[in-house]
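Novice: Have a look at this prediction, sequence included:
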Amino acid sequence: MLEKIIAGSVRNRFIVVFATIVLSLWGLWCLVNIKLNAVPDMSDVQVIIYTPFIGQPPQVVEDQVTYPLVHALLSAANVKVVRGFSFFNFSLVYVVFEDGTDFYWARSRALEYLNYAAQQLPPGVTPTLGPDSTGVGWVFEYVLLDRTGKWDLAQLRSYQDWHLKYALGTVPGVAEVASLGGFVRQYQVEVDPRKLVAYKVPLSRVQQAIKNSNNAVGGRVLERAGEEYRITALGYIKSLDDVRAIPLGLGPQGAPIYVGDVADVHFGPELRRGVADLDGKGEAVAGIVEMRAGENALSVIHRVKERLKQIQKDLPPGLEIVPIYDRSGLIERAVDNLRHKLVEESLIVVIVTIVFLANFGGAMVSVLMIPAGVLLAAIAMYYAGVSADLMSLAGIAVAIGAMVDAAVVMVENGHRYLVEHT
């Protein structure tokens, strides 16, 4: 069989050369468009479900949230294992699907079963899916620094949450921009229980009054002189004085009672479970860019950098965005290493073949095997969804050695055969 293939190739040299050129061009296109990453994504097809249950201990979270969700998701199609973790204030459920399951199909199945499980959860508890990223989706991280000292940690965190996070979230390929460090600013109402007793105001009335006073109410449309006027009551809280001025009822002599009469209203930070530190110099506010599953990591990082350059021009005076983790350098070094190894192996093959065979044409046949083999491998990698990373590129570099050895043996044997029959 092998002899027939060789003989047929010799008789149809034009077809062989033409097919090699076509496959090489196809492989070159695949090589240009193949996904680039530093490490292969070997993580399971996994969907993370986060459910906040504020103010509840882990045992209550386990009984009322985690267990119903795990029980419902165990019956989903292609589910391999479901892991539930209960913490103070929230629950995490990890749903691992069978290998080969489409990532977004798995997310849609998990969401479908969540709609059923939500009926068994306490009122007001809403589970949410985690970002459509994987374990290697953390591709970029930056720190928001204030060189002037005019911005405190709460202001930096607010700028990160309400400006940078949304600006970077629109970059194609970005699944999430997670905020880290600083203080989340809150309107805090510290109620004095003695004043509640004195004014005979229950705590539930304070909560309901604040909730009712922070919304917008729609009215009707009035028509005058052929024009319609929309009536809308805007009642959003804009300052601490707005909270203090919320009425709670009337006192014994008919005087109004306000929130400011029974509570201390001020700005304060949300409860933190950790901090972020930069180089041991103090706390910092950072942002973590998560790449969407299946995206080209290098392209996503370049798009994020371009967006950061645009944002940097519009930052308030004194603020600066400093990258502290960038995977693109590792990816580019891995690609450059393969390129250098290909050049080195090509030169060595040329020298060895010329020295031992004294035939430049035979040396070129062996050398051309290297790029042709790499381009053919790129076709298989592209359509199999394998990214060009440290593992795959190292495998190609190792395989080149065996491929060149076979080419040298074949060329030497052909050269010997021609010498003996001429």
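Specialist: Sure thing, it's come through.
Novice: Mind telling me which residue is nearest the centre of the protein?
Specialist: In the chain, the centroid-proximal residue (CA atoms, centre = their mean) is Glu290; its distance is 2.2 Å.
Novice: Report all helices and strands that the helix or strand hosting that residue contacts.
Specialist: Secondary structure assignment for Glu290, by DSSP states H and E: strand 285-291. Applying 3 or more CB pairs under 8 Å, 6 or more residues apart in numbering; DSSP states H and E, one finds that strand 285-291 makes contact with strand 138-146, helix 153-159, helix 165-169, strand 174-180, helix 297-313. C-beta coordinates here come from the backbone N, C-alpha and C atoms, glycine included.
Novice: what's next to the helix or strand that the fourth one is followed by, contact-wise?
Specialist: The one in question is strand 174-180. Remark: after strand 174-180, the chain's next helix or strand is strand 185-191, criterion DSSP H and E. By CB atoms under 8 Å, 6 or more residues apart in numbering, the residues outside strand 185-191 that reach it are 154, 157-158, 203, 206, 210, 237, 240, 243, 259, 262-270.
Novice: returning to that earlier point: any chance of the helices and strands packed on strand 285-291 in a markdown table with distance to Leu2, mean neighbour count and mean pLDDT as columns?
Specialist: Compiled in a markdown table, those are given as follows (distance: least, CB to CB, whole Å; neighbours: other CB atoms under 10 Å; pLDDT from 0 to 100):
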| stretch | distance to Leu2 | mean neighbour count | mean pLDDT |
| --- | --- | --- | --- |
| strand 138-146 | 46 | 20 | 91 |
| helix 153-159 | 68 | 20 | 90 |
| helix 165-169 | 56 | 14 | 91 |
| strand 174-180 | 50 | 19 | 91 |
| helix 297-313 | 41 | 16 | 91 |
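Novice: Please identify which of these is closest to Leu250.
Specialist: helix 153-159 (36.7 Å; CB to CB).
Novice: From the rest of the structure, what touches the closest one?
Specialist: 144, 146, 151, 179, 181-185, 267, 269, 283, 285, 316, 319.
Novice: For Leu129, state which of those residues is nearest.
Specialist: Of all the contacts of helix 153-159, Leu129 sits closest to Ser179, with 18.7 Å by CB to CB.
Novice: Is the closest one bridged to anything, and to what?
Specialist: Beta bridges link Ser179 to Gly287, judged by DSSP bridges.
Novice: Okay, it and Val289: tell me how far apart.
Specialist: 11 Å (CB to CB, to the nearest Å).
Novice: State the distance from the residue nearest to the centre of the chain to Asp241.
Specialist: Distance from Glu290 to Asp241, by CB to CB: 39 Å.
Novice: residues in contact with the nearest residue to Arg307 once chain neighbours are set aside?
Specialist: What sits nearest to Arg307 in space, not counting adjacent residues and going by CB to CB, 6 or more residues apart in numbering, is Val171, at 5.3 Å. Neighbouring residues of Val171 by CB under 8 Å, 6+ apart: 300, 303-304, 307.
Novice: shaky segments in this structure?
Specialist: Residues of the chain meeting the criterion pLDDT under 70: 346, 353, 356-359, 362, 421-422.
Novice: Please, where are all the strands along it?
Specialist: 45-52, 79-87, 90-97, 128-129, 138-146, 174-180, 185-191, 215-224, 227-235, 247-250, 256-258, 263-269, 285-291, 319-326 (DSSP state E).
Novice: now these as CSV including distance to Val60?
Specialist: Conversion of the strands of the chain to CSV gives the following (distance: least, CB to CB, whole Å):
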stretch, distance to Val60
strand 45-52, 12
strand 79-87, 9
strand 90-97, 10
strand 128-129, 19
strand 138-146, 32
strand 174-180, 27
strand 185-191, 24
strand 215-224, 29
strand 227-235, 34
strand 247-250, 30
strand 256-258, 34
strand 263-269, 25
strand 285-291, 30
strand 319-326, 37
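Novice: For Glu62, which of the ones you listed is the nearest?
Specialist: Ranking those by distance to Glu62, with CB to CB as the measure, places strand 79-87 first at 3.9 Å.
Novice: rewinding a little: please tell me how far the residue nearest to the centre of the chain sits from Val171.
Specialist: Glu290 sits 11 Å away from Val171, going by CB to CB.
Novice: Ala378 against Asn33, yeah?
Specialist: No: the criterion here is CB atoms under 8 Å, and Ala378 misses it with Asn33 at 9.4 Å.
Novice: These two - which one has more neighbours?
Specialist: Legend: neighbour count by other CB atoms under 10 Å for Ala378 and Asn33, higher for Ala378 (24 against 11).
Novice: Might you report the residue contacts of the more buried one?
Specialist: Applying CB under 8 Å, 6+ apart, the residues near Ala378 are 27-28, 30-31, 34.
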